[in-house]
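Enquirer: Output the structure for:
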Amino acid sequence: MKKIIALLATALFAASVYAGEFADISPKDVLAAATAKSAVIIDANGPDSYKAGHVPGALSFAAIQKNLAASLPADKNALIIAYCGNPQCGAYLRAAKAAQKLGYTNIKHMSAGIAGWNDAKLPTEPGQ
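Expert: As a prediction, the model looks like this:
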């Protein structure tokens, strides 16, 4: 029994370390930020997914990654939200870590991704 508890504790710790790198933000809160234009939202999905539909106002990481600094505000405390496909998708990390490397400190992850956004029947806009 002690081995099972130790194994579960180790698995829980590992999951919390991975999941806790960037704070989660709900689709509802992302919608509020998008509506208020109070955050920079970065879609880390591929160009085809971005074109099919993304969070309103979201920037395509594929399009801005080479010159990310030019797409982000001067205020390093500005809210940056990154997302990708779904809770199992890790592509958002590239965008979040790139912003972090530039000195941004208020980075959040919409773990539901565009799949959760669509499941919640929230509005999307097509990309170019």
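Enquirer: ok, now which ones touch the closest residue to residue 99 other than its chain neighbours?
Expert: Leaving aside its chain neighbours, residue 99 sits nearest to residue 80 (4.8 Å; criterion: C-beta to C-beta, 6 or more residues apart in numbering). Backbone N, C-alpha and C define where each C-beta goes, glycine included. Contact analysis of residue 80 by C-beta atoms under 8 Å, 6 or more residues apart in numbering lists 39-40, 42, 72, 96, 99, 104, 106-108.
Enquirer: ok, residue 103 - contacts?
Expert: By C-beta under 8 Å, 6+ apart, the contact set of residue 103 is residue 76.
Enquirer: scratch that, residue 21 is what I was asking about
Expert: Contacts of residue 21 by C-beta under 8 Å, 6+ apart are 93, 96, 109.
Enquirer: Could I get the buried residue list for stretch 55-62?
Expert: 55, 58-62 (16 or more other C-beta atoms under 10 Å).
Enquirer: What is the most widely separated pair among the contacts of residue 80?
Expert: 72 and 108 (14.2 Å; C-beta to C-beta).
Enquirer: now this protein, which segments are flagged as low pLDDT?
Expert: For the chain, applying pLDDT under 70 flags the ranges 1-20.
Enquirer: go with 90
Expert: Residues of the chain meeting the criterion pLDDT under 90: 1-21, 127-128.
Enquirer: just the strands in the chain please.
Expert: For the chain, applying DSSP state E gives strands covering 23-24, 39-43, 59-60, 79-83, 106-109.
Enquirer: helices or strands up against the third one?
Expert: Using 3 or more C-beta pairs under 8 Å, 6 or more residues apart in numbering; DSSP states H and E as the contact criterion, the elements in contact with strand 59-60 are strand 39-43.
Enquirer: Who are the packing partners of the strand it packs on?
Expert: Packing contacts for strand 39-43, counted by 3+ C-beta pairs under 8 Å, 6+ apart, involve helix 27-36, strand 59-60, helix 61-64, strand 79-83, helix 92-101.
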